[in-house]
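J.: The sequence and its predicted three-dimensional model are supplied below.
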Amino acid sequence: MADIKQQIFQELASLEEAAARLRGTAVAAGKQTDLEVAILTEQVKSLRDKNERASELIDKSISILEKLK
């Protein structure tokens, strides 16, 4: 009976360790995801700013070309 109890406690300890590792992995993955989202957000903002500037330059170029006609 003592052997069975010992085996059960060993299995429970093993499960507890596995759960702790999984929690750690989940936390790390969450932080990584947050970082990736922040980076992508900044990249999208930068691209929108560049697109807006390009659109302004195109409009200005078209205006100049129309005046030259």
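T.: Yep, it's here.

J.: rest of the way, CA atoms for contacts and neighbours
T.: Will do.

J.: Helices along this structure, start to end?
T.: 2-68 (DSSP state H).

J.: Tell me which residues are up against stretch 37-49.
T.: Counting contacts by C-alpha atoms under 8 Å, 6 or more residues apart in numbering, no residue outside stretch 37-49 touches it.

J.: what about that stretch, average pLDDT?
T.: Stretch 37-49 shows a mean pLDDT of 96.

J.: Could you check how far stretch 55-69 is from the centre of its chain?
T.: Distance of stretch 55-69 from its chain centroid, counting by C-alpha atoms, centre = their mean, to the nearest Å, is 40 Å.

J.: How about stretch 5-18?
T.: On C-alpha atoms, centre = their mean, the centre of stretch 5-18 falls 35 Å from that of its chain.

J.: Any buried residues in that stretch, and which?
T.: Using 16 or more other C-alpha atoms under 10 Å as the test for burial, stretch 5-18 gives no buried residues.

J.: Show the average pLDDT along it.
T.: 91.

J.: List of residues touching that stretch?
T.: Residues outside stretch 5-18 that contact it (C-alpha under 8 Å, 6+ apart): none are found.

J.: Kindly format the C-alpha coordinates of it as PDB.
T.: The C-alpha trace of stretch 5-18 is given here as PDB (Å, rounded to 0.1, in the frame of the first residue of the first chain):
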ATOM      1  CA  LYS A   5       0.900   5.900  -2.300                       C
ATOM      2  CA  GLN A   6       4.500   6.700  -3.100                       C
ATOM      3  CA  GLN A   7       3.800   6.100  -6.800                       C
ATOM      4  CA  ILE A   8       0.700   8.300  -6.700                       C
ATOM      5  CA  PHE A   9       2.700  11.100  -5.100                       C
ATOM      6  CA  GLN A  10       5.400  10.800  -7.700                       C
ATOM      7  CA  GLU A  11       2.900  11.000 -10.500                       C
ATOM      8  CA  LEU A  12       1.300  14.000  -8.900                       C
ATOM      9  CA  ALA A  13       4.700  15.700  -8.500                       C
ATOM     10  CA  SER A  14       5.400  15.000 -12.100                       C
ATOM     11  CA  LEU A  15       2.100  16.400 -13.200                       C
ATOM     12  CA  GLU A  16       2.700  19.500 -11.100                       C
ATOM     13  CA  GLU A  17       6.000  20.100 -12.700                       C
ATOM     14  CA  ALA A  18       4.600  19.600 -16.200                       C
END
